[in-house]
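Asker: Show me the folded form of this:
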Amino acid sequence: TFKLTFVDHSRQEIYGKEPVGPRIINVQFWYPAELDPDAKPAPWLDYMDVIAPALAAKLNLPSFFLDHIKYAQTYAFTNASPQKSETKFPLLLFSHGWGGFKSQNTYQVEELASHGYIVAAPDHTYGAIATVFPDGSIALNNPEALPGAAEISDDEFLTAAQILGDQWAGDLSFIVDSLENPGAVPQLEMLANSIDFSKIGVLGHSTGGGAAIQFCATDFRCQTALGMDPYMDPVSKTSQTQDFNQPFLAIFSESWAVESSRNNDIFKMFFNNVKEDRYHFYIQETKHYDFTDLPAFSLLAPYLGLKGTLNGEQVSKIINAYTLAFFDRYFRGDTGTILDKPSDKYPEMIYLP
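Answerer: Sure, this is the predicted structure:
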């Protein structure tokens, strides 16, 4: 894994303080690598002193509650050389949720990288919980970018949400642009040489699930999309109602799937317009944050509302199995049937029409 900071001179930052400048995003990459015996495991979270307290505050927890995760290491190695391969690897883009961050689904992106995918994940600046740039400047989550629906009119809220969706989808498109034209950035060029640009997919959680749909609906390079509890308001009206011509997988938590909500009504309308293969599931005994790494960091997670009652390790296994089966089907020609019928191995995964 490695991280880079990108400046998109084609787009102005619309959420930052004056003076306005170009959009700047931090991006983390995971990829199949050659193991260097001297390589060190990457930490789960960088800039702990900034991001951990901000995350704890978002979850209404004491500022010190997540201090222990500074000891958490991942299965990825920093700046390892890409794996030598005669065939190139598909590219997947991951979009985090509102107030999330680029490494929030490390369990999932590492699983994909270990099976021959290159994954790129941005911090959506001012939408992420906090973004720390190389010069030490900090962009905290800007609540005005996605105001509470009760604070403004419905029309104003939808306008703000769809501007956000366009901005986040633009971040994803810009990452692909940058990989297609890496310029004089050695790390990026080395990675770009390993990518099969005819095989690009996207996955996202919550608001990032909406951004994933918006990206795939508007960028012809996107071949498949996966949404985890996708939040639909950031998806433009056009993308909600027009034909969606790529295979699409939706996985919901039970808490989101069974509720009667405006989001579910919009999702059903969108899902009915998916013209290629489509899949719709929910996982029993799960909640919204079960899709992320957060439940792994405290045994109190179920009592804090961070997860449902289903064992966290089983939740991760289910999500990884279906994520891999989906992308392998369309990028590797895999003929497995896990997407097509109930699985004895994962009975908690419930098929929805």
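Asker: Sticking with the closest residue to residue 24 other than its chain neighbours, tell me its helix or strand.
Answerer: Closest residue to residue 24 apart from its sequence neighbours, by Cβ to Cβ, 6 or more residues apart in numbering: residue 7 at 5.2 Å. In this view, the C-beta of every residue, glycine as well, is placed from N, C-alpha and C. Residue 7 is part of strand 2-12 when elements are defined by DSSP states H and E.
Asker: what residues does that strand touch?
Answerer: 20-29, 46, 78-79, 133-134, 167, 170-171, 174-175, 178, 185, 187-188 (Cβ atoms under 8 Å, 6 or more residues apart in numbering).
Asker: Please narrow those to those residing in helices.
Answerer: Using DSSP state H, 167, 170-171, 174-175, 178, 187-188 are the members of the contacts of strand 2-12 that sit in helices.
Asker: so which of these is the most crowded?
Answerer: Using other Cβ atoms under 10 Å as the neighbour criterion, residue 171 leads the ones in helices among the contacts of strand 2-12 with 24 neighbours.
Asker: who touches residue 249 in this structure?
Answerer: 224-227, 278-279, 281, 322-323, 326, 339.
Asker: now do residue 147
Answerer: With contact taken as Cβ under 8 Å, 6+ apart, residue 147 is in contact with 156-157, 160.
Asker: List of residues touching the lowest-mean-pLDDT helix or strand in the chain?
Answerer: Comparing every helix and strand of the chain by mean pLDDT, DSSP states H and E singles out helix 48-58 as the least confident one, with a mean of 89. Helix 48-58 is touched from outside by 45, 62-67, 69-70, 99, 101, 129-130, 132, 138, 140-141, with contacts defined as Cβ under 8 Å, 6+ apart.
Asker: go with 10 Å
Answerer: Helix 48-58 is contacted from outside by 45, 47, 61-72, 98-101, 103-104, 123, 128-132, 136, 138, 140-141, 294, 297, using Cβ atoms under 10 Å, 6 or more residues apart in numbering.
Asker: I'd like the distance from that helix to the chain centre, please.
Answerer: 19 Å (Cα atoms, centre = their mean, to the nearest Å).
Asker: which parts of it are buried?
Answerer: Using 16 or more other Cβ atoms under 10 Å as the test for burial, helix 48-58 gives 48, 50-56.
Asker: for stretch 217-232, same thing?
Answerer: 217-219, 221-232.
Asker: Quick one: the strands in the stretch 1-150 of the chain, in order.
Answerer: With DSSP state E, counting those that start in this stretch as the criterion, the stretch 1-150 of the chain has strands at 2-12, 22-30, 41-43, 73-77, 89-95, 118-123, 130-132, 138-140.
Asker: Determine which of those strands approaches residue 352 most closely.
Answerer: Residue 352 lies closest to strand 89-95 among these, at 22.5 Å (Cβ to Cβ).
Asker: returning to what we had before: now render the ones in helices among the contacts of strand 2-12 as CSV, adding distance to residue 312.
Answerer: Shown next, in CSV, are the ones in helices among the contacts of strand 2-12 (distance: Cβ to Cβ, whole Å):
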residue, distance to residue 312
167, 32
170, 34
171, 29
174, 34
175, 30
178, 35
187, 33
188, 34
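Asker: Could you work out the most separated pair of those?
Answerer: 167 and 187 (25.4 Å).
Asker: what distance separates stretch 243-261 from the centre of its chain?
Answerer: Relative to the chain's own centre, stretch 243-261 is displaced by 15 Å; criterion: Cα atoms, centre = their mean.
Asker: Can you mark which positions in it are buried?
Answerer: Going by 16+ other Cβ under 10 Å, stretch 243-261 has these buried residues: 244, 246-257.
Asker: Which of the three states applies to the residue lying closest to residue 229 once chain neighbours are set aside?
Answerer: Spatially, and ignoring its direct neighbours in sequence, residue 229 is nearest to residue 256 (4.8 Å; Cβ to Cβ, 6+ apart). Assigned with DSSP: H, G, I helix; E, B strand; the rest coil, residue 256 falls in the helix class.
Asker: what sits against residue 256?
Answerer: Neighbours of residue 256 in contact, by Cβ under 10 Å, 6+ apart: 206, 228-231, 263-264, 267, 282, 286-288.
Asker: what's the closest of the buried residues of helix 48-58 to residue 346?
Answerer: Top of the list for closeness to residue 346, among the buried residues of helix 48-58 and by Cβ to Cβ, is residue 55 at 29.4 Å.
Asker: Confirm that residue 251 sits in a strand.
Answerer: Yes - counting by three-state DSSP, residue 251 is found in a strand.
Asker: Could I get the pLDDT score of it?
Answerer: Per-residue confidence at residue 251 stands at 98 (pLDDT).
Asker: measure residue 210 to residue 177 for me?
Answerer: Noted for residue 210: a distance of 21 Å to residue 177, by Cβ to Cβ, to the nearest Å.
Asker: what do you get for residue 60?
Answerer: As judged by Cβ to Cβ, residue 60 and residue 177 stand 38 Å apart.
Asker: quick one, which of those two is more surrounded?
Answerer: Shown here are residue 60 and residue 177; by other Cβ under 10 Å, residue 177 has more neighbours (15 against 9).
Asker: how about the more buried one, what does it touch?
Answerer: By Cβ under 10 Å, 6+ apart, the neighbours of residue 177 are 6, 8, 10, 170, 219, 221.
Asker: Doesn't the last one belong to a strand?
Answerer: No - looking at residue 221 with three-state DSSP, it is coil, so not inside a strand.
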